[in-house]
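**Student:** how would this look folded up:
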Amino acid sequence: MFNTLTRMSVSLVQKYLPSPFVFSTLLTLGVLLAGIFSTGQSLPAMVQHWSGGFWTLLGFAMQMSLIFVTGHALASAPIINRQLDHLAGLARTPGQAIIMVTLVALLGCWVNWGFGLVIGAVFARALARKVAGVDYPLLVASAYSRFLVWHGGLAGSVPLSLATGGPDLARITAGVLTDPVSISETLFSTLNLTIVALLVIGLPLLNRAMHPRQNAKVADPAKLVESHAELPARETPAQRLDDSRILGLALVVMAGIYLFNHFATKGFVLGLDVVIAIFLFSGLLMHGTPERYMRAVDESVRGIGGIVLLFPFYAGIMGMMMGANADGISLGRQITESFISWSSADTFPLLAFLSAGVVNVFVPSGGGQWAVQGPIMLPAAQALGVSPTVTAMAIAWGDAWTNMIQPFWALPLLGIVGLGARDIMGYCLIMLLYSGVVICGAFYFLG
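**Tutor:** The predicted structure is shown next:
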């Protein structure tokens, strides 16, 4: 019965899910029309919101590109490849491979979503090389399931925003919160830990159960061979300088001092820039010389086409979702307020989660979604007597939940593993259903 449901889901997605670029185009046109008819704004006004948002994520797009490139270059270092292959060799059956990649990816993403993104993809490739008969699309989908826990983890933008406090927090919560909120009330609350535990226990078993009993789609071995950058010649003084380990080590030492100062002054705070620095200089250390590392980066940069192309379009969608008419009404506000109107004190956390899941399809950015919903949801929660921290975490989990049907965040992973969105999203749909039941139950009974 379950395998039949999985096959139906995979077949449905293969037939009807458009490519990520076409998907973003359809979302763009849908939000454009919805904004015109729902908020009463003119076509030129909505296009103005779109163009105004179009370039707002360029800095973030560069960060995502560097996460991919530096992470992939690090993973391509011979010593890292050997260690991953050794770990992958512990899996003896396809079921064990699915469970291992799910657990490794979940743990990595809970620590930091950028780290989990890369380690899950690279480990999936290593397992596909080692384990005969494992279904490669399911293996990759299992690695992507890690994204369900990122906003309940140490790098979640909403809980970190709450912990920061200050004027930005007061603005984004419409004055409901001004003082910092300890992560003991968000990330380490009973509610959050319960959701994380149920997903960490249930997702590996769910993913294992989805493995086809026959006709598994194994990866092409030729596409799993790691291509190593050609070693540079050392025939001239310039070439010997390019291949100097001393120069590479000097940069690594400087980076080590920078990272030591960062952690000594700010604690264990893994922002995106810090993760990129760790990937970059660890990769330089593992490859040994600037020239060898540069050649590894040249190999890695080929997979960022989707990031470069699609980030501006989703930024434009976010601009239209947040673009308000003369009365201050935006499409994002309307969606959020419609859920509020159906709420009571008992159901508010659950409906806050569901509304965040809907908004995330159009605004697949944790920080962007928090900016859209925070100023509306937290005053409403206060009026109903609902905890603002529970409401904030409901928004956070809603943002993470519908990543399973939004291919935006799968693009870096797909670039590493060489698959398309249609290959994995059928499995992700099943994960969406399971995680939705778990998270809804947690917010209804514990929120």
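
**Student:** Report pLDDT for the residue lying closest to Asp242 once chain neighbours are set aside.
**Tutor:** Of all residues not flanking Asp242 in the chain, Glu291 sits nearest, at 3.9 Å (Cβ to Cβ, 6 or more residues apart in numbering). C-beta: built from backbone N, CA, C; applies to glycine. If you check Glu291, the pLDDT there is 90.

**Student:** same question, the one 5 residues further on
**Tutor:** Model confidence at Ala296, given as pLDDT, is 87.

**Student:** Can you show me the strands along the stretch 201-350 of the chain?
**Tutor:** Using DSSP state E, counting those that start in this stretch, the stretch 201-350 of the chain contains no strands.

**Student:** Low-confidence regions, it specifically.
**Tutor:** By pLDDT under 70, the low-scoring segments of the stretch 201-350 of the chain are 226-232, 269-272.

**Student:** Val134 - that's part of a strand, no?
**Tutor:** No: counting by DSSP: H, G, I helix; E, B strand; the rest coil, Val134 falls outside a strand, being coil.

**Student:** Determine the number of other residues adjacent to Ser344.
**Tutor:** 9 (other Cβ atoms under 10 Å).

**Student:** Next one: it relative to Arg92, how far apart?
**Tutor:** 51 Å (Cβ to Cβ, to the nearest Å).

**Student:** And Val275, by the same measure?
**Tutor:** Here Val275 is placed at a distance of 33 Å from Arg92 (Cβ to Cβ).

**Student:** just Phe268 next, same as before
**Tutor:** 35 Å.

**Student:** go on, Leu429?
**Tutor:** Distance, Leu429 to Arg92, by Cβ to Cβ: 29 Å.

**Student:** More neighbours: which of those two?
**Tutor:** Per other Cβ under 10 Å, whichever of Leu429 and Arg92 has more neighbours is Leu429, with 20 against 11.

**Student:** I figured the more buried one was touching Ile405, is that so?
**Tutor:** Yes: using Cβ atoms under 8 Å, Leu429 is in contact with Ile405, at 6.3 Å.

**Student:** Could you check which helix or strand contains the closest residue to Gly436 other than its chain neighbours?
**Tutor:** Distance criterion Cβ to Cβ, 6+ apart; nearest residue to Gly436, sequence neighbours excluded, is Trp401 at 6.3 Å. In the assignment (DSSP states H and E), Trp401 maps to helix 388-401.

**Student:** State the next helix or strand along the chain beyond that helix.
**Tutor:** Using DSSP H and E, the helix or strand that follows helix 388-401 towards the C-terminus is helix 411-417.

**Student:** roughly how far apart are the closest residue to Trp150 other than its chain neighbours and Ala222?
**Tutor:** Computed as Cβ to Cβ, 6+ apart, the closest residue to Trp150 that is not its neighbour in sequence is Trp113, at 3.9 Å. Using Cβ to Cβ, Trp113 is found at 31 Å from Ala222.

**Student:** which residues touch Phe23?
**Tutor:** With contacts defined as Cβ atoms under 8 Å, 6 or more residues apart in numbering, the neighbours of Phe23 are 17, 407, 421.

**Student:** Which one (most neighbours) among those residues?
**Tutor:** Pro407 (26 neighbours).

**Student:** Now do the contacts for it.
**Tutor:** The contact partners of Pro407, by Cβ under 8 Å, 6+ apart, come to 17, 20, 23, 421, 425.

**Student:** now stretch 390-403, how far from the chain's geometric center?
**Tutor:** Centroid displacement of stretch 390-403 relative to its chain, using Cα atoms, centre = their mean, to the nearest Å, is 13 Å.

**Student:** tell me the mean pLDDT for it?
**Tutor:** Per-residue scores along stretch 390-403 average to 95.

**Student:** what does stretch 11-23 give?
**Tutor:** On average, stretch 11-23 scores 88.

**Student:** Using CSV, list the CA coordinates for that stretch.
**Tutor:** The C-alpha coordinates for stretch 11-23 follow below in CSV (Å, rounded to 0.1, in the frame of the first residue of the first chain):
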residue,chain,number,x,y,z
SER,A,11,4.7,9.5,-11.1
LEU,A,12,2.5,12.6,-10.5
VAL,A,13,5.5,14.9,-9.9
GLN,A,14,7.4,13.5,-13.0
LYS,A,15,4.4,14.3,-15.2
TYR,A,16,3.3,17.7,-13.9
LEU,A,17,6.0,19.5,-12.0
PRO,A,18,7.6,22.0,-14.3
SER,A,19,11.3,22.9,-14.3
PRO,A,20,12.4,25.2,-11.4
PHE,A,21,12.7,28.2,-13.8
VAL,A,22,9.2,27.6,-15.2
PHE,A,23,7.9,27.0,-11.7
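
**Student:** Return the set of buried residues in it.
**Tutor:** In terms of neighbour count (16 or more other Cβ atoms under 10 Å), stretch 11-23 has its buried residues at 13, 17, 20, 23.

**Student:** contacting residues for the nearest residue to the first one once chain neighbours are set aside?
**Tutor:** Read that as Val13. Of all residues not flanking Val13 in the chain, Gly426 sits nearest, at 3.9 Å (Cβ to Cβ, 6+ apart). Gly426 is in contact with 6, 9-14, counting by Cβ under 8 Å, 6+ apart.

**Student:** again, only using 7 Å
**Tutor:** By Cβ atoms under 7 Å, 6 or more residues apart in numbering, the residues touching Gly426 are 9-10, 12-14.

**Student:** Quickly find the element holding it.
**Tutor:** Using DSSP H and E, the element containing Gly426 is helix 421-446.

**Student:** got the angle for that helix vs helix 388-401?
**Tutor:** Counting by axes from the mean of the first three to the mean of the last three Cα atoms, to 10 degrees, helix 421-446 lies at 160 degrees to helix 388-401.

**Student:** Tell me which stretches of the stretch 1-150 of the chain form helices.
**Tutor:** Using DSSP state H, counting those that start in this stretch, the helices of the stretch 1-150 of the chain run over 2-16, 20-39, 43-54, 58-75, 78-88, 94-111, 113-130, 136-144.

**Student:** For those, which has the smallest mean pLDDT value?
**Tutor:** Sorting those by mean pLDDT places helix 58-75 lowest, at a mean of 82.

**Student:** elements contacting it?
**Tutor:** In this structure, helix 58-75 packs against helix 113-130, helix 272-287, helix 290-300, helix 305-322, helix 411-417, with contacts taken as 3 or more Cβ pairs under 7 Å, 6 or more residues apart in numbering; DSSP states H and E.

**Student:** of all the ones you listed, which lies closest to Gly385?
**Tutor:** helix 305-322 (28.1 Å; Cβ to Cβ).

**Student:** got the contact list for that closest one?
**Tutor:** Contacts of helix 305-322 (Cβ under 7 Å, 6+ apart): 20-21, 24, 27-28, 31-32, 35, 46, 49-50, 52-57, 61, 64-65, 68, 330-332, 362-365, 368, 372, 408, 411-412, 415.
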